[in-house]
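Trainee: Just a sequence and a predicted model for now, questions to come.
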Amino acid sequence: MKSKKISKLFYLSFILIFWILIFTLTCKNPSGPGIDFNLRNWYIMSGMAKGPGFTNNITYGNKTIIYPSNYMKAASNMVFSNRKGWNYRIPELLALPNGDLLAFADRRYNGAGDLPNKIEVMVKISTNNGTNWTDEKKITPTSTSSKDGHGDTAAVLDKKTGDVIAVVAFGQGFVNSTPQDPIRIRTIRSRNNGESWEAPIDITSQIYGAGCKDPTRKTWHAAFVSSGNGLQLRNGRIMFVINVRESSQKTAASFRNYVMYSDDGGHKWKVSRGSPKNYQGGNEAKIVELNQDGHLLMNIRPNGPEWKRLLSRSYDYGETWTEAKVQNDLPSSGSNGDTIYYTSTLNGYDKNRLITLVDARPYRNVNNGGPGEPTFYISYDEGYTWSNSKRMYDYNAGYSSLAILKDGSIGILAELGNSWNGPIYFLKTSIEWCNPNDNPCSPNVSAKK
């Protein structure tokens with residue numbers, strides 16, 4: 001009787017172990033837990049997309065375009081204006097599935113400087129493709145001093161749930177941060193298209209600092225998320241670039257770019273094993289997903305002296321990165337810009353198109369002025385070469401963020417008129433404006449006349 005019970009127990013244990021092994025071997029991506037191999041292209045099966053970028057028909061007409069060169073003629077295009085002694089900085093533009101737009105910015109009370117500073121993150125919503133915007137709404141707690149400010153917002157839409165996940169820096173500044181007293185990383189979630197926001201959740205110990213369980217990352221001195229757009233891969237993974245100061249050194253050449261990612265909708269976070277190595281060090285950067293599964297492109301803000309963007313690639317969903325190489329056809333200032341995948345042949349378009357917008361004029365000295373001359377560049381070969389540059393604005397400028405709007409036009413949220421000091425404008429343009437020789441075809445639709 002006893003032997004039968006043992007045999008039955010052994011049989012059940014064998015079955016359990018068998019199914020655990022099957023699940024582990026067939027359903028988990030080796031790049032990290034939480035990704036289901038069978039569902040890695042989960043939104044393909046839901047009819048959303050086969051490739052990165054825009055998936056609908058391009059329907060805009062010339063009347064819907066706010067040409068960047070004319071932005072000063074329309075004061076209504078100013079979404080965040082410097083007033084009452086406040087400075088607005090750090091634009092982030094996010095397009096939602098229903099067509100609404102979210103525009104984020106820091107409201108900085110004591111000048112335009114970064115943390116530590118008295119800063120709150122504000123958001124405005126547009127329901128008509130950027131023509132009108134709601135009043136600003138605060139998504140972070142009230143800041144009462146330079147010690148409790150939140151800023152440098154990055155955001156992403158989780159296409160699985162519809163949640164918007166914003167990531168902000170808190171408290172201590174990047175330069176003064178230590179493992180024991182780190183600049184904090186916090187997430188803030190909206191489950192209703194930006195109408196309301198949950199309380200910030202501190203995830204610092206998951207990333208770095210004395211409270212981190214990883215023996216290497218617990219010794220890192222500082223980290224913050226590059227402001228602007230995050231990325232969700234076709235397998236559902238959410239990721240942001242983090243700028244890391246691994247030691248007590250405070251020179252830009254010692255900084256590194258890692259990726260923090262989540263496979264469960266932004267609740268638990270991990271950090272990439274590798275970072276793009278380069279002699280200039282790391283700085284704010286953006287990532288786009290390319291057509292090949294697992295192939296990502298990181299576009300990194302330079303620290304000089306050549307003042308050209310640095311590009312790195314990952315072939316394993318962001319875990320490891322190639323050496324960052326200077327991209328000679330992408331001149332750039334030391335300023336944070338943006339990169340988006342506009343159209344993909346996997347979605348039925350005629351060409352693959354990547355678009356980047358960066359300040360082409362670097363800051364060198366007072367007489368030269370600050371960074372400026374934001375310029376569009378387009379790549380038709382997955383980011384290996386860039387061409388068809390088109391200057392958006394001739395004067396001082398700062399950070400910028402891009403989004404593809406519901407009609408296929410390109411939305412721009414940018415600091416214009418001053419270098420790194422707002423105000424922040426919303427503009428719209430088209431691929432044809434960026435490259436007059438381009439005339440994109442929508443999926444299964446002939447080219448526009």
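Mentor: Arrived safely.

Trainee: how is the chain carved up into domains?
Mentor: For the chain, automatic domain parsing gives the domain ranges 1-30, 42-434.

Trainee: and the ones you listed, which one is worst for confidence?
Mentor: Ranked by mean pLDDT, these end with domain 1-30 at the bottom, a mean of 46.

Trainee: re earlier: need the winner for burial among the domains of the chain.
Mentor: domain 42-434 (a mean of 20; mean count of other C-beta atoms under 10 Å). Bear in mind the C-beta positions are built from the backbone N, C-alpha and C, glycine included.

Trainee: what's the spacing between residue 425 and residue 166?
Mentor: 21 Å (C-beta to C-beta, to the nearest Å).

Trainee: follow-up on the earlier one: need the domains of the chain in CSV with distance to residue 442, can you?
Mentor: As requested, these are exported to CSV (distance: least, C-beta to C-beta, whole Å):
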stretch, distance to residue 442
domain 1-30, 32
domain 42-434, 4
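
Trainee: From residue 226, how far out is residue 440?
Mentor: Distance of residue 440 to residue 226, given as C-beta to C-beta: 28 Å.

Trainee: Could I get the full set of helices for the stretch 301-449 of the chain?
Mentor: Counting by DSSP state H, counting those that start in this stretch, one finds helices in the stretch 301-449 of the chain at the ranges 431-434.

Trainee: Contacts only, for the residue lying closest to residue 220 once chain neighbours are set aside.
Mentor: Of all residues not flanking residue 220 in the chain, residue 208 sits nearest, at 4.1 Å (C-beta to C-beta, 6 or more residues apart in numbering). Taking C-beta atoms under 8 Å, 6 or more residues apart in numbering, we find residue 208 in contact with 179, 182, 214, 217, 218, 220, 223, 244, 271.

Trainee: Now the fourth one: closest residue in space, sequence neighbours ignored.
Mentor: On the basis of C-beta to C-beta, 6+ apart, the spatially nearest residue to residue 217 that is not a chain neighbour turns out to be residue 208, at 4.4 Å.

Trainee: now swap in residue 289 and tell me
Mentor: Per C-beta to C-beta, 6+ apart, closest to residue 289 is residue 52, 4.6 Å.

Trainee: same check, this time on residue 435
Mentor: Here the residue nearest residue 435, using C-beta to C-beta, 6+ apart, is residue 388, at 3.9 Å.

Trainee: if I pick the one you found, what's in contact with it?
Mentor: The neighbours of residue 388, taking C-beta under 8 Å, 6+ apart as the test, are 376, 377, 378, 434, 435, 437, 438.

Trainee: Distance to residue 334 for these - can I get that in CSV?
Mentor: Formatted as CSV, the contacts of residue 388 follow (distance: C-beta to C-beta, whole Å):
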residue, distance to residue 334
376, 19
377, 17
378, 22
434, 23
435, 26
437, 31
438, 29
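
Trainee: between these, which is closest to residue 395?
Mentor: Checking these against residue 395 by C-beta to C-beta gives residue 376 as the nearest, at 16.1 Å.

Trainee: contacting residues around the closest one?
Mentor: 355, 356, 357, 388, 389, 390, 391, 392, 429, 434.

Trainee: in terms of contact, does the third one touch residue 374 like I think?
Mentor: Yes: in this structure residue 357 lies within contact range of residue 374 using C-beta atoms under 8 Å: 5.8 Å.

Trainee: shared neighbours of those two, which are they?
Mentor: By C-beta under 8 Å, 6+ apart, residue 357 and residue 374 have these common neighbours: 337, 392, 400, 414.

Trainee: gap between the third one and residue 221?
Mentor: For residue 400, the distance to residue 221 (C-beta to C-beta) stands at 29 Å.

Trainee: and what of residue 438?
Mentor: 45 Å.

Trainee: those strands in the stretch 1-150 of the chain, which residues are they?
Mentor: 78-80, 87-95, 101-108, 119-126, 137-138, 150-157 (DSSP state E, counting those that start in this stretch).

Trainee: Could you list every helix and strand in contact with the longest one?
Mentor: Secondary-structure packing of strand 87-95 (3 or more C-beta pairs under 8 Å, 6 or more residues apart in numbering; DSSP states H and E): strand 101-108, strand 150-157, strand 228-229, strand 397-404, strand 410-416, strand 424-429.

Trainee: how about those in a markdown table, adding distance to residue 136?
Mentor: Listed next are the helices and strands packed on strand 87-95 as a markdown table, based on distance: least, C-beta to C-beta, whole Å:
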| stretch | distance to residue 136 |
| --- | --- |
| strand 101-108 | 8 |
| strand 150-157 | 13 |
| strand 228-229 | 18 |
| strand 397-404 | 16 |
| strand 410-416 | 13 |
| strand 424-429 | 11 |
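
Trainee: List phi and psi for residue 218.
Mentor: Torsion angles at residue 218 (phi, psi; degrees, to the nearest 10) stand at phi -70, psi -20.

Trainee: Surely it touches residue 212?
Mentor: Yes: using C-beta under 8 Å, residue 218 is in contact with residue 212, at 4.3 Å.

Trainee: ok now do residue 312, which residues does it touch?
Mentor: 257, 276, 278, 297, 298, 300, 321, 322, 323, 324, 325 are the contacts of residue 312 under C-beta under 8 Å, 6+ apart.

Trainee: Tell me what the last one is bridged to.
Mentor: Meaning residue 325. residue 311 (DSSP bridges).

Trainee: Can you verify my assumption that residue 212 contacts residue 203?
Mentor: No: in this structure, residue 212 is not within contact of residue 203 by C-beta under 8 Å, at 10.5 Å.

Trainee: Residues that sit against both of these two, list them.
Mentor: In terms of C-beta under 8 Å, 6+ apart, residue 212 and residue 203 are not both contacted by any residue.

Trainee: and the spatially closest residue to residue 116 that is not a sequence neighbour, what is it in contact with?
Mentor: The shortest distance from residue 116 to any non-neighbouring residue, by C-beta to C-beta, 6+ apart, is to residue 146 (4.3 Å). The contact partners of residue 146, by C-beta under 8 Å, 6+ apart, come to 110, 115, 116, 117, 118.

Trainee: Please apply the same query to residue 421.
Mentor: By C-beta under 8 Å, 6+ apart, residue 421 lies in contact with 82, 87, 89, 112, 398, 415.

Trainee: How much space separates the first one from residue 139?
Mentor: To tie it back to what came earlier, the one meant is residue 82. With distances taken as C-beta to C-beta, residue 82 is found 20 Å from residue 139.

Trainee: give me the beta-bridge partners of residue 426?
Mentor: Beta bridges link residue 426 to residue 413, judged by DSSP bridges.
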